[in-house]
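# Sequence unavailable; structure follows:
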Ligand SMILES: [Ca+2]
């Protein structure tokens with residue numbers, strides 16, 4: 001008789017446990033399975049430009065890595081174009097592809113020529129994320145924030161119109177921020 005009762009209680013307990021665990025699973029599908037997004041800030045690992053004032057000083061290689069210049073000054077550790085008077089571009093490459101949310105351009109001389117910022121998807125298509133007049137102080141950072149891209153980004157393109165100020169717009173470093 002006692003063992004019969006025990007069996008009944010065990011069956012009831014088992015059913016209750018099943019019902020509870022099913023409810024938990026329904027309420028939180030995939031819980032604990034989704035990978036945690038990781039925000040990543042990167043410095044460029046290589047760079048190319050439309051022109052360069054010199055090599056290796058003032059070349060696009062001088063935009064690789066973290067910022068080095070802390071004043072508004074002509075400094076060979078930043079990129080400078082050959083002429084400082086016309087349309088130029090600078091392209092930066094990054095180690096990790098990310099769903100991009102921000103680009104930061106560290107400018108250390110003659111700020112005012114930045115015209116467009118684009119992020120490039122994995123098919124090589126460039127997407128405009130900023131266009132305008134860059135009126136911030138020198139030295140200073142143009143920080144461009146935008147909704148997280150639906151595609152992964154490993155390359156940033158800057159378009160610079162140096163006819164705006166008729167002078168060199170030197171760039172020391174460029175950061176790409178996004179979700180890995
Ligand atoms: Ca630099």
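Right, received. Where do you want to start? Just so it is clear, the model here is predicted, and its values are computed rather than measured.

# from here on, contacts and neighbour counts on C-alpha atoms
Noted.

# Please name the residues that touch the closest residue to the ion within the chain.
The nearest approach of the chain to the ion comes at residue 172, 3.9 Å away (C-alpha to the ion). Residues near residue 172 by C-alpha atoms under 8 Å, 6 or more residues apart in numbering: 62, 63, 67, 68, 69, 77, 78, 79, 105, 106, 107, 108.

# what's the neighbour count on the fourth one?
Using other C-alpha atoms under 10 Å, residue 68 is surrounded by 15 other residues.

# which SSE is it in?
Counting by DSSP states H and E, there is no helix or strand that carries residue 68.

# Could you check the pLDDT of it?
pLDDT for residue 68: 98.

# Quickly note the distance from it to residue 150.
Here residue 68 is placed at a distance of 32 Å from residue 150 (C-alpha to C-alpha, to the nearest Å).

# Next secondary structure after the lowest-mean-pLDDT helix or strand in the chain?
Lowest on mean pLDDT, DSSP states H and E among the helices and strands of the chain sits helix 2-27, with a mean of 54. Going down the chain from helix 2-27, the next helix or strand is strand 39-43, by DSSP H and E.

# avg pLDDT for that next one?
Summarised as a single mean, pLDDT over strand 39-43 is 97.

# Likewise for stretch 128-145?
Stretch 128-145 shows a mean pLDDT of 98.

# Same question for that stretch: list its buried residues.
Buried residues in stretch 128-145, counted by 16 or more other C-alpha atoms under 10 Å: 129, 130, 138, 139, 140, 141, 142.

# show me what contacts the second one?
Contact analysis of residue 130 by C-alpha under 8 Å, 6+ apart lists 116, 117, 118, 144.

# can you pull out the strands in this structure?
Taking DSSP state E as the criterion, the chain contains strands spanning 39-43, 46-49, 87-109, 114-120, 126-131, 140-145, 152-161, 170-179.

# Residue 178 - how many residues pack around it?
A total of 22 residues lie near residue 178 under the criterion other C-alpha under 10 Å.

# That one is in contact with residue 100, isn't it?
Yes: taking C-alpha atoms under 8 Å as the definition, residue 178 is a contact partner of residue 100 at 4.0 Å.
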